[in-house]
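Trainee: Okay, structure incoming, though there's no sequence with it:
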């Protein structure tokens, strides 16, 4: 499983992630969050751009429900990690134009879910530092790959 | 556990449903849906009106993701089952004014979650006939009461 | 090709309609509209609920751009012709509750596109009487079936 | 045909682009995209700011449907190429204020369609690098000029 295209052409969309697959990712992400006592919202969308599964740990900040979904949606809409957008904006200059692009939440923590070279969905995490959000997303993805 | 106020005063809002409680309800609702092979979306919101947990079974119709959340939100916003609104509209006359009320999805299948006389959240189900949606919501609530 | 499920369970979503398939449907629908000199907007969405193709004939009423897309989106979100919702509302009583359902444009002229028993997209037409809109949608579907 | 005003005064809006004209532009843009195997969404709006024609090639990223329309709408709303906004933002300083301007997608790939000194519509392309999006938009415009 990889989230990095091997050529200039993007990875194709595959079938929508199944609920069974989403549960594996969600459980692993939740374990990682709980291991650090991080109150977080975790959203999984499928390859059609619709919500497949969602959980929020108790005492997650209210804004993170929407932000986690926005991160996952950004990752599936553009088939790339949201960190790509974050980095482009951080670089300044022309990168700042991405702040005007509809459907983009440019915060680390949204990552495509890739199986057999196809994008089947995306995960988005929000609630702590965006690097910590990304750590939880990565833990979720690793479970499906294992 | 009851969803019917015993007096004219509405039940008070209690603390937000915990993720542990939401998982019990979600698992029971999912079992009921799977027993009938019903592709459905199931949403649980907490007493603050924010999404707590969500799952959609494979091949659920795309519109049900939004509708399930709307039913749960209606139930928590007004602390009553969405069927109350459906019945009022079905009765016609002044009841039709409810169709103009913001934040109301007047379709059976959204029900408050009440524990110890307090509303801690609500469940919303969508995907099949609204009576079948309500059957799945009820199965979810029964698990918490048991 | 049929838009009517043969059992209580809905038809499954299939792969998204290809641009090649969409062009066949669009050309036939446009021919039908032009044969009557009907200024209309014609939208085709795919099985993921995203716009695949759109055309508006010169002098189409401005509101029909949005309405045609809404009809197509309704048909794909709920895997049924929009006329089902129109009829339910026309019947009155409890049917009126559908007017409160998010994501529903309850006007004839939106129809799922079904190939080999799978829903691959939907067409929505707007601009004239809704029965005329539906006639153009049907002409489009017939071309793919032929 | 030119997209650059010859004076300080903006070019006037002309009659809305006809469907016949839009098809010429769309076909040329699609050819250019296919020549490079670029999955892209291509939107054409008319001089009244309404969608006239839209196509997405198979496997276009889901977010590009909305972005292509946003680019075309930006170009027609302000009668200038979206690159003007991108450049202003890239220059920093006061240029960044454009990121707060409603209705502006400041990404290269949206260009007005000008005939006989009048703006009759705009094209917006999204799916690959914004310079590649702009290349496809230019190929579309060239067809009408030829």
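Mentor: Sure, I can see it. Predicted, not measured: the structure shown is a model, and the values here were computed from it.

Trainee: tell me, how many neighbours does residue A:90 end up with?
Mentor: 11 (other C-beta atoms under 10 Å in any protein chain shown). In this view, the C-beta of every residue, glycine as well, is placed from N, C-alpha and C.

Trainee: With residue A:30 instead?
Mentor: Count around residue A:30 with other C-beta under 10 Å applied: 18.

Trainee: part of a helix, is it?
Mentor: Yes: assigned with DSSP: H, G, I helix; E, B strand; the rest coil, residue A:30 falls within a helix.

Trainee: so what's it up against?
Mentor: When contacts are counted by C-beta atoms under 8 Å, 6 or more residues apart in numbering or on different chains, residue A:30 touches A:42, A:55, A:57.

Trainee: do residue A:23 as well
Mentor: residue A:53.

Trainee: host element of it?
Mentor: helix A:19-35 (DSSP states H and E).

Trainee: could you say what helices and strands the helix or strand that that helix is followed by packs with?
Mentor: Remark: after helix A:19-35, the chain's next helix or strand is strand A:41-46, criterion DSSP H and E. Applying 3 or more C-beta pairs under 8 Å, 6 or more residues apart in numbering or on different chains; DSSP states H and E, one finds that strand A:41-46 contacts helix A:19-35, strand A:51-56, helix A:63-77, strand A:118-126.

Trainee: any chance of the ones you listed in JSON lines, with mean pLDDT too?
Mentor: Below are those laid out as JSON lines (pLDDT from 0 to 100):
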{"stretch": "helix A:19-35", "mean pLDDT": "98"}
{"stretch": "strand A:51-56", "mean pLDDT": "98"}
{"stretch": "helix A:63-77", "mean pLDDT": "98"}
{"stretch": "strand A:118-126", "mean pLDDT": "98"}
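
Trainee: Export these as TSV, with columns for distance to residue B:88.
Mentor: Formatted as TSV, the helices and strands packed on strand A:41-46 follow (distance: least, C-beta to C-beta, whole Å):
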stretch	distance to residue B:88
helix A:19-35	35
strand A:51-56	29
helix A:63-77	30
strand A:118-126	38
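
Trainee: which one of the ones you listed lies closest to residue D:130?
Mentor: helix A:63-77 (15.7 Å; C-beta to C-beta).

Trainee: Spell out whether that closest one and chain D are in contact.
Mentor: Yes: Helix A:63-77 reaches chain D (C-beta under 8 Å from any C-beta of the partner chain) through A:74, A:76-77.

Trainee: With distance to residue A:68 as added columns, please give the contacts of residue A:30 in CSV.
Mentor: Shown next, in CSV, are the contacts of residue A:30 (distance: C-beta to C-beta, whole Å):
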residue, distance to residue A:68
A:42, 6
A:55, 9
A:57, 11
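
Trainee: and which of the residues of helix A:63-77 next to chain D is nearest to chain D?
Mentor: Checking these against chain D with C-beta to the nearest C-beta, the nearest one is residue A:77 at 3.0 Å.

Trainee: if I look at the nearest residue to the closest one once chain neighbours are set aside, how far off is chain B?
Mentor: In this structure, residue A:77 finds its nearest non-sequential neighbour in residue D:63, 3.0 Å apart by C-beta to C-beta, 6 or more residues apart in numbering or on different chains. Distance of residue D:63 to chain B, computed by C-beta to the nearest C-beta, to the nearest Å: 17 Å.

Trainee: residues contacting residue D:63?
Mentor: Residue D:63 touches A:74, A:77-78, A:102-104, D:126, counting by C-beta under 8 Å, 6+ apart.

Trainee: which among these end up buried?
Mentor: With burial judged by 16 or more other C-beta atoms under 10 Å in any protein chain shown, the buried subset of these is A:74, A:77-78, A:103-104, D:126.

Trainee: From those residues, pick the one nearest residue A:114.
Mentor: residue A:78 (13.7 Å).

Trainee: pLDDT score for that closest one?
Mentor: You'll see residue A:78 listed with a pLDDT of 97.

Trainee: Isn't it up against residue A:105?
Mentor: No: Residue A:78 sits out of contact with residue A:105 when judged by C-beta atoms under 8 Å, with a separation of 10.6 Å.

Trainee: where do the contact lists of the two overlap?
Mentor: What both residue A:78 and residue A:105 touch, as defined by C-beta under 8 Å, 6+ apart, is the set residue A:85.

Trainee: Farthest from the middle of chain A: give me that residue.
Mentor: Within chain A, the residue lying farthest from the chain centre (C-alpha atoms, centre = their mean) is residue A:93, at 25.7 Å.

Trainee: can you pull the contacts of it?
Mentor: D:90, D:92.

Trainee: And the nearest residue to residue A:131 once chain neighbours are set aside, its phi and psi?
Mentor: Closest residue to residue A:131 apart from its sequence neighbours, by C-beta to C-beta, 6+ apart: residue A:108 at 6.3 Å. Backbone torsions of residue A:108, given as degrees, to the nearest 10, read phi -50, psi 140.
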